[in-house]
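> Mind looking at a prediction? Sequence and model below.
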Amino acid sequence: MSAPRVLMVCLGNICRSPMAEGILKRKARFSGLVLYVDSAGTSNWHQDERPDERAIAEMEANGIDIAGQRSRPFKIGDFDKFDHILVMDTSNQENVLAMARNDKDRAKVSLILDFGNEVKGMSVPDPYYDDGFGRVYELLDYACDAFIKTLK
Ligand code: 4NP
């Protein structure tokens, strides 16, 4: 089987989804899984920018370097390129589903926290305005562990 392809999606692609990308890549590496992981935003507001400095710092505190990532908008072709499209909140979910062309596209989209029993149905809170990067890290760390288990 070829490597599962996973796309993390948030609004700006500078805070939550770059963190999710970095966390899942490391977990895959540590668990010997070959995964292709990328991230995108439902907006193009920060296109080609580096992740937010606070996201870079939170990830660095956890031993993960995401400074090399660059923001890009989600595009229709991502439905063809990826097997799993993991969105951070219900607004991202609505925006991505609004671009879906058919049931196959829709079936690829999940709220990332739906993979964790303790956090099912919850959204990853947007840390851009409230500085909650530590909480975002914890939630994503938990959800990525749970997601990886579904692939094994
Ligand atoms: P993200 O956070 O969706 O987790 O990347 C945000 C980044 C930027 C903005 C909002 C949320 N913004 O309004 O520019």
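Structure received.
> burial count for the spatially closest residue to Asp145 that is not a sequence neighbour?
Sequence neighbours aside, Lys27 is the residue nearest to Asp145 in space, at 6.7 Å (criterion: Cβ to Cβ, 6 or more residues apart in numbering). The way it works is simple: take the backbone N, C-alpha and C, and place the C-beta from them, glycine included. If you count neighbours by other Cβ atoms under 10 Å, Lys27 ends up with 17.
> got the contact list for Asp48?
Arg70, Ser71, Arg72 (Cβ atoms under 8 Å, 6 or more residues apart in numbering).
> Just the buried subset of those residues, please.
Among the contacts of Asp48, the ones that count as buried by 16 or more other Cβ atoms under 10 Å are Ser71, Arg72.
> Please enumerate the helices of this protein.
All helices of the chain, identified by DSSP state H, fall at 16-30, 53-61, 78-81, 90-99, 103-107, 127-130, 133-151.
> Identify whichever of the ones you listed lies nearest to Gly116.
helix 133-151 (4.4 Å; Cβ to Cβ).
> and that closest one, is it in reach of the ligand?
No - for helix 133-151, no contact with the ligand is found by Cβ under 6 Å from any ligand atom; the gap never falls below 7.9 Å.
> buried sites along that helix?
Phe133, Val136, Tyr137, Leu139, Leu140, Asp141, Tyr142, Ala143, Cys144, Ala146, Phe147, Ile148.
> same check, this time on stretch 93-105
Buried residues in stretch 93-105 (16+ other Cβ under 10 Å): Gln93, Asn95, Val96, Ala100, Asp105.
> Just put those residues in JSON lines and tack on pLDDT.
Supplementary listing: the buried residues of stretch 93-105 in JSON lines, determined by pLDDT from 0 to 100:
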{"residue": "Gln93", "pLDDT": "98"}
{"residue": "Asn95", "pLDDT": "98"}
{"residue": "Val96", "pLDDT": "98"}
{"residue": "Ala100", "pLDDT": "98"}
{"residue": "Asp105", "pLDDT": "98"}
